[in-house]
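Chemist: build me a model:
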Amino acid sequence: MQTIMLKAKLHMARVTHAVLNYEGSCAIDGELLDMSGIRENEQIQIYNVENGQRFTTYAIRAEEGSRMISVNGAAAHLASEGQRVIICSYAHYSEAELDTHAPALVYLREGNAISHTSNAIPVQLA
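Modeler: Numbering: from 1, shown residues only. Presented below is the predicted three-dimensional model:
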């Protein structure tokens, strides 16, 4: 049996560009891709914190150190420059892999600078 689990997350990224007349996808700073383990052309889910839109696209590499998050093509209607988004990727894991699986979580602050990283989401308290 395979279970779909969170593989990687870029938390609270700020959209730097929204380019309607582009082939599609989401360009992400290459350093952020490498740190999170999200691969070029990998399917990603984007959750717009500002308006609740949720959509699927794929990641492409933006210039390393640019801190770019560019939502392109039709998705540019769903996220505008300046809005905060959460970018996630998921993967299928076998039962044997589940015991040791830990997602790569990258938390961002203003300017898409890295605040910190983690491998566990904090427990939500009541």
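Chemist: now the strands for this protein?
Modeler: 2-14, 17-19, 26-29, 43-48, 54-62, 69-72, 84-94, 104-109, 113-118 (DSSP state E).
Chemist: can you list these in TSV and add distance to Q124 and mean neighbour count?
Modeler: C-beta coordinates here come from the backbone N, C-alpha and C atoms, glycine included. Listed next are the strands of the chain as TSV, based on distance: least, Cβ to Cβ, whole Å; neighbours: other Cβ atoms under 10 Å:
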stretch	distance to Q124	mean neighbour count
strand 2-14	15	18
strand 17-19	31	17
strand 26-29	27	24
strand 43-48	17	18
strand 54-62	20	17
strand 69-72	26	24
strand 84-94	15	18
strand 104-109	15	18
strand 113-118	15	12
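Chemist: could you dump those to CSV with mean pLDDT and distance to L125?
Modeler: Listed next are these as CSV, based on pLDDT from 0 to 100; distance: least, Cβ to Cβ, whole Å:
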stretch, mean pLDDT, distance to L125
strand 2-14, 98, 18
strand 17-19, 97, 35
strand 26-29, 98, 31
strand 43-48, 98, 22
strand 54-62, 97, 25
strand 69-72, 98, 30
strand 84-94, 98, 20
strand 104-109, 98, 18
strand 113-118, 97, 17
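Chemist: turn those strands into TSV, including distance to M35.
Modeler: As requested, these are arranged in TSV below (distance: least, Cβ to Cβ, whole Å):
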stretch	distance to M35
strand 2-14	9
strand 17-19	20
strand 26-29	9
strand 43-48	15
strand 54-62	13
strand 69-72	14
strand 84-94	12
strand 104-109	5
strand 113-118	7
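Chemist: give me every residue that touches the closest residue to T56 other than its chain neighbours.
Modeler: Distance criterion Cβ to Cβ, 6 or more residues apart in numbering; nearest residue to T56, sequence neighbours excluded, is Q45 at 5.7 Å. Shown in contact with Q45 (Cβ atoms under 8 Å, 6 or more residues apart in numbering): 54-56, 87-90.
Chemist: from those residues, pick the one nearest A74.
Modeler: F55 (8.7 Å; Cβ to Cβ).
Chemist: these two touch, right, that closest one and H77?
Modeler: No. In this structure, F55 is not within contact of H77 by Cβ atoms under 8 Å, at 9.4 Å.
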